[in-house]
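A.B. asks: would you be able to build a 3D model of this:
(one chain, ligands or ions: 3)
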Amino acid sequence: MFSLNGTTFTNNSLSGVSRCLTQSSRRVSAPMVVVAAVSSNGKPGDGSVSVLVENALTESATPVEMEVKSTVTGGVQDVYGEDSATEDQSITPWTLSVASGFSLLRNPHYNKGLAFSERERDSHYLRGLLPPVVISHDLQVKKMMNSIRKYDVPLQRYMAMMDLQEMNERLFYKLLIDNVEELLPIVYTPTVGEACQKYGSIFRRPQGLFISLKEKGKIHEVLKNWPEKKIQVIVVTDGERILGLGDLGCQGMGIPVGKLSLYTALGGIRPSACLPVTIDVGSNNENLLNDEFYIGLRQRRATGQEYAELLDEFMYAVKQNYGEKVLIQFEDFANHNAFDLLAKYGTSHLVFNDDIQGTASVVLAGLMAALNLVGGTLSEHTFLFLGAGEAGTGIAELIALEMSKQTGIPLEETRKKIWMVDSRGLIVNSRMEMLQHFKRPWAHDHEPVQELVNAVKVSIKPTVLIGSSGAGRTFTKEVVQAMATFNEKPIIFALSNPTSQSECTAEEAYSWSEGRAIFASGSPFAPVEYNGKVYASGQANNAYIFPGFGLGLIISGAIRVHDDMLLVASEALAEQVSQENFEKGLIYPPFSNIRKISAHIAAKVAAKAYELGLATRLPQPKDLVAYAESCMYSPAYRSYR
Ligand SMILES: NC(=O)C1=CN([C@@H]2O[C@H](COP(=O)(O)OP(=O)(O)OC[C@H]3O[C@@H](n4cnc5c(N)ncnc54)[C@H](OP(=O)(O)O)[C@@H]3O)[C@@H](O)[C@H]2O)C=CC1
Ligand SMILES: CC(=O)C(=O)O
Ligand SMILES: [Mg+2]
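C.D. replies: Ligands and ions are numbered 1, 2, ... in the order given. Below you'll find the predicted structure:
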């Protein structure tokens with residue numbers, strides 16, 4: 001029951017509110033719809049409520065204050081209440097009703113298509129706008145999967161998925177969650193890579209915020225243009241190192257969009273709490289700059305102070321707009337900026353670099369699991385990386401940290417078990433002067449070695465070979481065969497994305513090692529048959545980590561990311577690998593269990609945040625796994641009564 005301008009209403013339905021507003025406010029004229037009602041005192045249904053009323057004819061919106069006399073019970077929240085307990089109760093908008101009629105069908109957040117019930121069609125002015133049939137959410141999923149499978153070309157499937165996301169968000173997420181193994185390669189690597197390359201040609205509607213040099217000085221206002229106000233996770237790129245495809249400039253937007261759709265599908269963060277951002281400071285990709293369909297600034301990349309100032313303004317504006325608990329995930333920046341940004345903002349913001357930290361955590365988890373198959377401890381292994389950039393050095397550092405924690409041996413010593421090859425060969429002390437700062441801890445005493453194959457065969461003889469070079473087919477037959485001569489079970493990770501950049505294929509890894517490799521890759525490979533046996537390989541991709549990791553930060557209200565959180569995330573993921581998975585040679589659990597996995601990762605990360613005194617959401621829930629699960633967004637349709 002609530003009253004507006006002296007009139008008390010017991011019916012909180014759309015028609016009740018609309019009628020009330022029609023009768024009592026001259027500022028709005030029918031037909032109109034209540035777009036949102038926001039509790040202003042923190043307790044839904046108790047106190048003063050601000051209602052946004054949209055005139056369906058002019059599309060202008062008018063805020064109207066309503067006095068709620070007594071608690072509006074259950075119904076309101078049941079109708080459009082919280083998608084997830086991760087919302088901050090004090091500023092949660094709770095929607096009485098949304099746009100009705102034609103605009104409801106055009107609103108991806110609320111549209112249900114043919115799943116609108118007969119009652120909803122009556123009460124929301126949908127009669128005649130839909131064909132007579134009413135179908136279930138499940139049948140919609142079946143129908144969409146049928147039509148997506150009819151496309152042979154992955155990019156067409158990608159475009160169909162993006163169209164669906166723009167049309168019916170809950171159907172998009174249900175499709176993705178129910179068919180995660182089939183659709184992950186479409187909305188994520190490898191297809192998202194091709195989508196970014198062609199983003200200008202396939203661009204339809206903005207799916208995130210574009211912040212270019214033109215917006216300098218106005219970023220605070222630009223953030224306000226985004227329709228959602230309660231943002232919990234931002235994934236931001238400047239497009240300079242998109243997967244292993246190089247500088248794709250503004251077209252890198254496909255990456256934040258894809259990563260955030262995984263935050264929702266895999267980690268249960270509400271879609272409305274996710275904000276994809278692309279910072280456009282130009283591009284050094286001449287092909288793009290000359291492409292008539294390119295959507296970004298046509299200039300070479302700004303660097304130095306100009307770049308730093310734009311990033312600074314963005315980071316400041318984010319904190320001003322969304323507070324200090326918004327998670328900012330840096331994604332696919334080039335390494336000459338990535339490490340510095342992480343260091344610069346790591347002490348003032350809740351920042352996470354997925355390529356450095358998320359990748360490290362997922363690979364460490366795979367190694368922990370692999371020890372079950374090969375035996376020994378981490379520090380008994382010798383590691384060789386091809387690629388000493390963000391992914392490579394990030395992984396190396398976390399492995400060294402874990403070894404140090406396990407053995408008590410100082411970090412400087414455990415690092416000596418890890419070797420790296422970059423585009424100039426083995427990283428050794430004699431190169432120290434010329435090395436970028438993030439490579440220096442990996443320069444050890446050794447004579448120079450130019451070729452990977454010599455480093456593998458002669459110099460290092462690693463037990464674990466990790467590809468993080470972005471350079472495809474660099475694990476040659478000779479390299480893999482060498483690994484298999486001195487290791488009974490060589491551990492080989494080909495992390496580079498997309499598939500075209502993978503250091504070797506699954507087929508090559510298994511056939512060249514006579515079926516003995518323990519293999520995982522950044523982009524997925526289909527199972528391989530070798531000598532009459534089928535080998536399934538795991539996907540060593542940070543997508544296993546960042547959704548649950550972010551969920552853990554959010555549910556604990558963490559204000560900073562700490563390396564110990566990465567270590568516990570690795571443990572949580574490794575614990576999810578079952579005996580059945582091991583028997584198949586797998587070192588990662590199937591993605592079909594990812595929401596359960598994410599809840600476990602979230603619980604461990606949140607527990608660590610509490611332990612480190614970095615959590616602000618008090619008191620700490622007793623059962624963090626159950627709490628994480630209870631906070632996860634569900635794509636089930638709401639009933640619009
Ligand atoms: N599976 C996953 O979850 C993830 C995968 N990745 C993938 O890893 C790859 C690398 O990413 P990132 O570390 O950020 O990139 P960086 O650019 O930071 O690092 C690339 C490194 O590879 C080296 N390199 C490039 N080509 C060769 C070559 N032919 N031989 C030897 N070394 C070479 C570079 O050498 P130099 O320094 O001399 O130029 C550099 O050290 C990408 O393909 C990316 O998609 C990244 C993050 C997560
Ligand atoms: C997976 C990922 O983050 C990358 O390839 O950059
Ligand atoms: Mg990345």
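A.B. asks: show me the contacts for G522.
C.D. replies: Counting by C-beta atoms under 8 Å, 6 or more residues apart in numbering, G522 touches T189, A494, L495, S496, N497, S502, Q539, A540, N541. C-betas here are computed from N, CA, C, even on glycine.
A.B. asks: most surrounded residue in those?
C.D. replies: A494 (33 neighbours; other C-beta atoms under 10 Å).
A.B. asks: I'd say it and S469 touch.
C.D. replies: No - with contact defined as C-beta atoms under 8 Å, A494 does not count as touching S469 (9.5 Å).
A.B. asks: got any residues that touch both of these two?
C.D. replies: Common neighbours of A494 and S469 are listed as E503 (criterion: C-beta under 8 Å, 6+ apart).
A.B. asks: returning to what we had before: from the contacts of G522, which land in helices?
C.D. replies: Per DSSP state H, helices hold no members of the contacts of G522.
A.B. asks: what is the neighbour count of E580?
C.D. replies: 10.
A.B. asks: again with V153
C.D. replies: 10.
A.B. asks: got it, and N454?
C.D. replies: 16.
A.B. asks: please apply the same query to G538.
C.D. replies: A count of neighbours around G538, defined by other C-beta under 10 Å, yields 28.
A.B. asks: residues in contact with the residue nearest the centre of the chain?
C.D. replies: The residue lying closest to the centre of the chain (C-alpha atoms, centre = their mean) is K259, at 3.1 Å. When contacts are counted by C-beta under 8 Å, 6+ apart, K259 touches Y188, V235, P276, Q329, E331, D354, F546.
A.B. asks: who in the stretch 351-500 of the chain is up against ligand 2?
C.D. replies: Contact residues, the stretch 351-500 of the chain versus ligand 2 (C-beta under 6 Å from any ligand atom): D354, D355, N497.
A.B. asks: got a list of what the residue lying closest to the second one once chain neighbours are set aside touches?
C.D. replies: Sequence neighbours aside, E390 is the residue nearest to D355 in space, at 4.4 Å (criterion: C-beta to C-beta, 6 or more residues apart in numbering). Each residue near E390 by C-beta under 8 Å, 6+ apart is listed here: R241, N335, A338, F339, N353, D355, I356, T359.
A.B. asks: pLDDT and neighbour count added to the residues you listed, as JSON lines?
C.D. replies: Shown next, in JSON lines, are the contacts of E390 (pLDDT from 0 to 100; neighbours: other C-beta atoms under 10 Å):
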{"residue": "R241", "pLDDT": "98", "neighbour count": "24"}
{"residue": "N335", "pLDDT": "98", "neighbour count": "21"}
{"residue": "A338", "pLDDT": "98", "neighbour count": "24"}
{"residue": "F339", "pLDDT": "98", "neighbour count": "19"}
{"residue": "N353", "pLDDT": "98", "neighbour count": "25"}
{"residue": "D355", "pLDDT": "98", "neighbour count": "23"}
{"residue": "I356", "pLDDT": "98", "neighbour count": "26"}
{"residue": "T359", "pLDDT": "98", "neighbour count": "25"}
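A.B. asks: quick check: the farthest pair among the residues you listed?
C.D. replies: Maximum pairwise distance among the contacts of E390 (C-beta to C-beta): 13.6 Å, between F339 and T359.
A.B. asks: so which of the contacts of E390 sit within strands?
C.D. replies: Using DSSP state E, the subset of those located in strands is N353.
A.B. asks: tell me the one among the contacts of E390 nearest to ligand 3.
C.D. replies: Comparing these against ligand 3 with C-beta to the ion places D355 closest, at 4.4 Å.
A.B. asks: from ligand 1, how far out is the closest one?
C.D. replies: Taking C-beta to the nearest ligand atom, to the nearest Å as the criterion, D355 is separated from ligand 1 by 4 Å.
A.B. asks: which ones are touching that residue?
C.D. replies: D355 neighbours (C-beta under 8 Å, 6+ apart): R241, F330, E331, D332, F333, A338, E390, A391, G394, N542.
A.B. asks: what about the residue nearest to D355, distance to L495?
C.D. replies: As judged by C-beta to C-beta, to the nearest Å, E390 and L495 stand 11 Å apart.
A.B. asks: one more: F172?
C.D. replies: In this view, F172 and L495 are 28 Å apart by C-beta to C-beta.
A.B. asks: next, count neighbours for E402.
C.D. replies: Neighbour count of E402, defined by other C-beta under 10 Å: 22.
A.B. asks: how about it, what does it touch?
C.D. replies: Going by C-beta under 8 Å, 6+ apart, E402 touches L364, L378, L567, S570.
A.B. asks: got the residues of the stretch 251-400 of the chain near ligand 1?
C.D. replies: N335, D355, T359, V362, L386, G387, A388, G389, E390, A391, G392.
A.B. asks: the fourth one looks like it's in a strand, true?
C.D. replies: No - the assignment for V362 (DSSP: H, G, I helix; E, B strand; the rest coil) gives helix, which keeps it out of a strand.
A.B. asks: model confidence at it, what's the number?
C.D. replies: At V362, the pLDDT value in this model is 98.
A.B. asks: that one against N542, yeah?
C.D. replies: Yes - counting by C-beta under 8 Å, V362 touches N542, with 5.1 Å between them.
A.B. asks: which of those two has more neighbours?
C.D. replies: Neighbours were counted for V362 and for N542 using other C-beta under 10 Å; V362 has more, 32 against 25.
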